[in-house]
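# Predicted model follows, preceded by the sequence.
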Amino acid sequence: MAYIVKPVFITSKMVSRIKKFFIQIGELSYFAGRFFKETFTLPFEFKELLRQCYHMGNRSLVLVVMTNFIIGLVLTLQSRPTMIQFGAVSMMPNMVGISIVREIGPVITALICAGRIASGIGAELGSMRVTEQIDAMEVSGTNPFKYLVVTRILATTLMIPLLVIFGDLIALYGSALVENLKGQVSFQLYFNTVFDALSFGDLVPATIKSFFFGFVIGLVGCYKGYYCKKGTAGVGVAANTAVVTASLLLFVVDFIAVFVSDIFYEL
Amino acid sequence: MPLIASKNLMEPKNDKGRKVVIRIEDLRKSFGSNQVLNGFNMVLYKGENLVVMGKSGSGKSVMIKCLVGLMTPDSGYIEVMGREIGALDRQNLDELRSDIGFLFQGSALYDSMTVRENLEFPMRRHKEKLGVVQDTTPLVIEALENVGLGHTMDLMPSELSGGMKRRVALARTLILKPKIILYDEPTSGLDPITAKEIIELMRSIQKKYNTSSLIITHDVDCARVISERMILLVDGINYADGTFSELSSSSDPKVEAFFKK
Ligand SMILES: Nc1ncnc2c1ncn2[C@@H]1O[C@H](COP(=O)(O)OP(=O)(O)OP(=O)(O)O)[C@@H](O)[C@H]1O
Ligand SMILES: [Mg+2]
């Protein structure tokens, strides 16, 4: 019998790619380990941390508001006809509320921030590496890992959950707007129904998940920028791969988070 | 990291009656199969201007980065002001680095900070050394006026020209009053007139603070004006050394190549 499918040969290029992939995972873990080590040693760059928090919130707020508002609108508009068909339109706030708070809000906000913040960090640290600013910091007696990396990762870890909560509220507002205009549901009734429907078990895993999202965004952005290859092309690559890697990792983290919280749910 | 030659510690710190501030012995560094430094030796005496010349890609920047601990050499012995770089912990290394000024090849100003913040940055960890408690403004003004740029304090680096950036970088290098200054291509990328101004500045600084300077360059004019002694870095080793006139009249083809117009 002849082979129908041509056998796939493992080329040396594939081997080196796979090798590179695992090397990156190793390096990223080492980088994360170094982050934890240096976070808990003095001196602490508190002023820079505040500055970074402010910058990150400031830079992504408009995007987060716009995307979440639209998602809230669209989700409600799209599911309305089906809900009407099932005679369940009064369950609209429950359905939208739960899906936004548990999944859509955190993921949309984190993805937007991966595009905005991780690429920003990648490009910023990358160009600092290429133009020797990181070396200059090192020789002037400031630990650049602490000053640049630790502050940024902490800032994303703290700010993404805040942005997620804010984004959730905006998305719910968008949804309420549709219900208000199309279904004559008052905002008060809408939000009362939403908050009645939401339980502790919806809010806590979503919030914990957001912290991890923030950590991943900061970690990947810093890692790509800090080890940027020389040359201006390297900066572009750092920014680009930061977004791609961070977005992919976000889904992996999301999967793990949902998996774990599901186990707790059943207990 | 196998650092050889601790025997050198036993040797007297004086060569020819002059105090040694930097000593490099048998420095080797490679990147993969690219053997950059191949047993480089160098001594910098107190108060002198030493020029290290070599063509692009010969490993000058690698050498100077090993010197301040930004890169770890594969092997070799590096001693700065009597202390072995490879053996220092972070705190002692930072302390030693505050006595070394480093002017980077591309100025390396922090481009998210103003000129003033750039100059204040090195002082954040070394306030005790400078004896200032709170206000560092007078020091910033003094350093900027030393390089003739007193009016640029609140500008961003992106608003400065290349020559101005180099001067601000020089001011930043000087703000901790270092005893040794390492210049990585101080005149590269500048027009001849600006280059000359930078060289004049370097000379006046050297007179004013009596620093020892290691100047890395491939600019023959710069070397002629500023060098008291020169080392040529060829094929990863200290190929030749001597004064500018000695080397420029040499008949060795590899040495001649540097001085041919
Ligand atoms: N981080 C690094 N990784 C890999 N190779 C490097 C690295 N840094 C330098 N090299 C290599 O070492 C060699 C010497 O580089 P170096 O920057 O010291 O040259 P240079 O003498 O300073 O040249 P230039 O005058 O152009 O500044 C080059 O071939 C370079 O490719
Ligand atoms: Mg160089």
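It's in. Numbers count the residues shown, from 1 in each chain, chains lettered A, B, ... in the order given. Ligands and ions are numbered 1, 2, ... in the order given.
# Pick out the residue in chain B sitting closest to ligand 2.
Residue nearest to ligand 2 within chain B (CB to the ion): B:Ser61, separated by 3.1 Å. In short, each C-beta sits where N, CA and C put it, glycine included.
# One more: chain A?
A:Glu132 (10.0 Å).
# my read: that residue touches B:Gln105, true?
Yes - between A:Glu132 and B:Gln105 there is a contact under CB atoms under 8 Å: 7.0 Å.
# neighbour-wise, which of these two wins?
Applying other CB atoms under 10 Å in any protein chain shown to A:Glu132 and B:Gln105 shows that A:Glu132 carries more neighbours, namely 22 against 17.
# How about the more buried one, nearest residue that isn't a chain neighbour?
What sits nearest to A:Glu132 in space, not counting adjacent residues and going by CB to CB, 6 or more residues apart in numbering or on different chains, is B:Ala108, at 4.2 Å.
# which residues touch that neighbour?
A:131-133, A:135-136, B:169 (CB atoms under 8 Å, 6 or more residues apart in numbering or on different chains).
# one more time with 10 Å, if that's ok
If a contact means CB atoms under 10 Å, 6 or more residues apart in numbering or on different chains, then B:Ala108 has A:128, A:131-137, A:139, B:102, B:118, B:157, B:165, B:169, B:172, B:184 as its contacts.
# A:Leu248 contacts A:Ala242, correct?
No - with contacts counted by CB atoms under 10 Å, A:Leu248 stays clear of A:Ala242, the gap being 11.1 Å.
# Pick out whichever of these two has more residues nearby.
More crowded of A:Leu248 and A:Ala242, by other CB under 10 Å: A:Ala242, with 30 against 13.
# packing partners for the helix or strand that contains the more buried one?
Taking DSSP states H and E as the criterion, A:Ala242 maps to helix A:232-266. Helix A:232-266 sits against helix A:12-39, helix A:105-113, helix A:119-130, helix A:200-226, with contacts defined as 3 or more CB pairs under 10 Å, 6 or more residues apart in numbering or on different chains; DSSP states H and E.
# mean confidence score for the longest helix seen in chain A?
Counting residues, the longest helix found in chain A (DSSP state H) is helix A:46-85. Averaged over helix A:46-85, pLDDT sits at 92.
# Show me what counts as buried in stretch B:109-128.
B:109-111, B:114-116, B:118-123, B:125-126 (16 or more other CB atoms under 10 Å in any protein chain shown).
# Run the contact check for that stretch versus chain A.
Yes - applying CB under 10 Å from any CB of the partner chain, one finds stretch B:109-128 touching chain A at B:109-113, B:118, B:121-126.
# mind giving me CSV with these and columns for distance to A:Val185?
Converted to CSV, these look like this (distance: CB to CB, whole Å):
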residue, distance to A:Val185
B:Leu109, 57
B:Tyr110, 53
B:Asp111, 52
B:Ser112, 48
B:Met113, 52
B:Asn118, 57
B:Phe121, 56
B:Pro122, 61
B:Met123, 61
B:Arg124, 56
B:Arg125, 60
B:His126, 64
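# Tell me the one among those nearest to ligand 1.
When the residues of stretch B:109-128 next to chain A are ranked by distance to ligand 1 (CB to the nearest ligand atom), B:Leu109 comes first, at 18.1 Å.
# could you dump the helices and strands packed on helix A:232-266 to a markdown table with mean pLDDT, distance to A:Pro93 and mean neighbour count?
Converted to a markdown table, the helices and strands packed on helix A:232-266 look like this (pLDDT from 0 to 100; distance: least, CB to CB, whole Å; neighbours: other CB atoms under 10 Å in any protein chain shown):
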| stretch | mean pLDDT | distance to A:Pro93 | mean neighbour count |
| --- | --- | --- | --- |
| helix A:12-39 | 90 | 39 | 12 |
| helix A:105-113 | 94 | 15 | 25 |
| helix A:119-130 | 94 | 35 | 24 |
| helix A:200-226 | 92 | 13 | 22 |
